[in-house]
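S.K.: sharing a model that was predicted from the sequence below.
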Amino acid sequence: MRRIWYDFEFLENGSTIFPISVGMVDDQGRELYLVNEDIEGSKIKEKIRNHDFLMGNVIPHLPLREKIKTSVFGVKPSFVLDWDDNTVVSRRYLVNAVRDFTALDVNDEPDGGLQLWGWYSAYDHVALMQLFGPMVRKPAHLPMFTNDLKQEVDRIGGIVLPSDQTGTSHRAIDDARELKMRHLWLESQELL
């Protein structure tokens, strides 16, 4: 069974989830981190600029050309992605890279399949599936659900998880790495 731990940072409005960045790590040591260049589009960028949580906790950790300009006289802060950074990619590239990263290969166990893991992962799973459009276009190798490590921790109860995050919270790749570390720690304690 191949396992992938992942995290999306996204803009959501109650009916759609727009991916900002994705981080994925697997049990083979591979990693994927990409930022959706489409957040620079005027309508999306304006929505992000008006979203205090994203501007304070997500956008500062993306590859930016310069620090976020602060609010001045009622004007919302802004940002400019670093287009020279190889992690800033088109949505089409992001979709294909995620499909390729999650695809099973000849080194995977023949009957093992793929197991996805997240933390509070309901929206992350929807963000992942929506990359490919309607449900009928979901790649066959992707499971219909993501296992939620937070649910497992709550089910077990009374656990204080270690925090070994050397990166930044709400940076998708750092959150995926932290998730994997927590999962492996729980397994080492024979709690999963």
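M.R.: Good, I have the coordinates.

S.K.: hey, let's count contacts and neighbours off CA atoms from now on
M.R.: Noted.

S.K.: separation between Leu149 and Glu178?
M.R.: Plainly put, Leu149 is 11 Å away from Glu178 if you go by C-alpha to C-alpha, to the nearest Å.

S.K.: of these two, who's got more company?
M.R.: Glu178 (24 against 21; other C-alpha atoms under 10 Å).

S.K.: was I right about the more buried one contacting Thr168?
M.R.: No - applying C-alpha atoms under 8 Å, one finds Glu178 not in contact with Thr168, separated by 9.8 Å.

S.K.: any idea of the mean pLDDT for the longest helix along the chain?
M.R.: Longest among the helix segments of the chain by residue count, using DSSP state H, is helix 172-188. Taken as a whole, helix 172-188 carries a mean pLDDT of 94.

S.K.: the helix or strand Val22 falls within packs against which elements?
M.R.: Element membership for Val22, per DSSP states H and E: strand 17-26. Strand 17-26 sits against strand 2-12, strand 31-36, helix 122-130, helix 172-188, with contacts defined as 3 or more C-alpha pairs under 8 Å, 6 or more residues apart in numbering; DSSP states H and E.

S.K.: could I get the buried residue list for stretch 162-176?
M.R.: Buried residues in stretch 162-176, counted by 16 or more other C-alpha atoms under 10 Å: His170, Arg171, Ala172, Ile173, Asp174, Asp175, Ala176.

S.K.: what's the answer for stretch 181-192, then?
M.R.: By neighbour count with 16+ other C-alpha under 10 Å, stretch 181-192 contains the buried residues Met181, Arg182, His183, Leu186.

S.K.: distance of the second one from Lys138?
M.R.: Right, Arg182. Distance of Arg182 to Lys138, computed by C-alpha to C-alpha: 28 Å.

S.K.: identify the residues contacting Asp82.
M.R.: Contact analysis of Asp82 by C-alpha atoms under 8 Å, 6 or more residues apart in numbering lists Pro63, Leu64, Arg65, Val88.

S.K.: out of those, who has the most neighbours?
M.R.: Ranking the contacts of Asp82 using other C-alpha under 10 Å puts Val88 first, with 22 neighbours.

S.K.: that one is in contact with Leu34, isn't it?
M.R.: Yes - at 6.1 Å, Val88 counts as touching Leu34 under the criterion of C-alpha under 8 Å.

S.K.: contacting residues for the closest residue in space to Ala172 that isn't next to it in sequence?
M.R.: Of all residues not flanking Ala172 in the chain, Gly23 sits nearest, at 4.5 Å (C-alpha to C-alpha, 6 or more residues apart in numbering). Shown in contact with Gly23 (C-alpha under 8 Å, 6+ apart): 6-8, 31-34, 171-176.

S.K.: how about Val153?
M.R.: With C-alpha under 8 Å, 6+ apart, Val153 has these contacts: Ile159.

S.K.: what's the burial count for Pro143?
M.R.: Taking other C-alpha under 10 Å as the definition, Pro143 ends up with a neighbour count of 15.

S.K.: tell me the strands beside the strand holding Val22, with direction?
M.R.: Each strand that pairs with strand 17-26, with its direction, by DSSP bridges: strand 2-12 (antiparallel), strand 31-36 (antiparallel).
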